[in-house]
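S.K.: turn this into a model:
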Amino acid sequence: ITLINIQMKTILFPTDFSKSAIHASLYAAMLANIYEARIILLNVDYIPMVPANHHSQAAQRAVIISMKKAQEDLEVFKNQFIENTHINPHRVLQQVVYGYPGDKIVQEANYLNADMIVMGTKGASHFLDKWLGTNAQKVMKNADCPVWIIPQKTKIKHPKKIMYAADFKEDDLLATQKIVEITEPLEAFCTVINVHDIFEPIEKSKLKEQVTTINEELD
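M.R.: Numbers count the residues shown, from 1 in each chain. Next up is the predicted model:
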C-alpha cells in the first residue's frame, strides 16, 4: 500500500441550530481552515405532518412554508458561523433537505462526495434516543467517509494527539492508512491501539504479525 496525500476538499457539517451544533461548528471551521476545505452547512428538515383530510394544496403550502423557514434559519446560522469563526465566506455553502436526519446526512455526504463529516452531539437525551440510537450513531455506522463527532463539552483546540482503536480485522490496514492521511496535515501524533476482548483467545503470533505488517506498510 502506498500512502497518498489526500487533499481534503469538502467537509459536510449537519446542523439543527442547537447549542451542541453551534459548539461543533467552531471545530468544523478549525478543521476546514487546516485542510483548506470548503464547508457545507446542512439542515435536514422534517416533512411537515398534514392531516389526512387536508387537500394537496394545503400540504404543498405546508411544505413550502417549512422549507422557507428552514432556509431562513440556516442563513442566520451561516452568517453567525462566519462571524464567529472568521472563515472565508466563499468557502461556506448551505443546503436544506427533507427527510430523517440520520439517513439524509449520509445520503448527502455520498451525493456531495464529502471527504469528512463533522457534527455535534449531546448524547442520547431520552429513552427513545437510547432505544433507536442518536443521529450521530446512525451517521457513524453508515457513512463511507470519516466522521468526527464533537461532544458539547469538547474544548476547541488544534488536535495534537489522535488515538485509533483497531481490532486488526477485515480492512483495518486501510482504515489505519486513512487515519494517517488525515493526521499528516494536522501534524499530530497518532497512536494505534488494540484492546483485546477478554473472552477471546489471544493468538500472539498472529497479533504480532499484524502489528509488523502495519509498521511496514505505513512507514
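S.K.: all contacts plus neighbour counts: C-alpha atoms, from now on.
M.R.: Fine.
S.K.: residue nearest the middle of this protein, spatially speaking?
M.R.: By C-alpha atoms, centre = their mean, the chain has its centre lying nearest to Ile117, at 2.7 Å.
S.K.: quick one: mean pLDDT for the one helix or strand that residue maps to?
M.R.: Taking DSSP states H and E as the definition, Ile117 sits inside strand 116-121. Across strand 116-121, the average pLDDT comes to 92.
S.K.: who are the packing partners of that strand?
M.R.: When contacts are defined as 3 or more C-alpha pairs under 8 Å, 6 or more residues apart in numbering; DSSP states H and E, strand 116-121 packs onto strand 10-14, helix 19-35, helix 135-142, strand 147-151.
S.K.: how about the helices of this protein, start to end?
M.R.: Counting by DSSP state H, the segments of the chain that form helices are 19-35, 56-85, 101-111, 127-132, 135-142, 172-186, 204-217.
S.K.: most tightly packed of the ones you listed?
M.R.: Neighbour counts (mean count of other C-alpha atoms under 10 Å) averaged over each of these peak at helix 19-35, with a mean of 21.
S.K.: returning to what we had before: reformat the helices and strands packed on strand 116-121 as a markdown table; add distance to Glu203 and mean pLDDT.
M.R.: A markdown table is the format used below for those (distance: least, C-alpha to C-alpha, whole Å; pLDDT from 0 to 100):
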| stretch | distance to Glu203 | mean pLDDT |
| --- | --- | --- |
| strand 10-14 | 40 | 96 |
| helix 19-35 | 39 | 93 |
| helix 135-142 | 28 | 88 |
| strand 147-151 | 31 | 91 |
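S.K.: okay, the ones you listed in JSON lines with distance to Leu41 next?
M.R.: Output for the helices and strands packed on strand 116-121, formatted as JSON lines (distance: least, C-alpha to C-alpha, whole Å):
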{"stretch": "strand 10-14", "distance to Leu41": "5"}
{"stretch": "helix 19-35", "distance to Leu41": "9"}
{"stretch": "helix 135-142", "distance to Leu41": "16"}
{"stretch": "strand 147-151", "distance to Leu41": "15"}
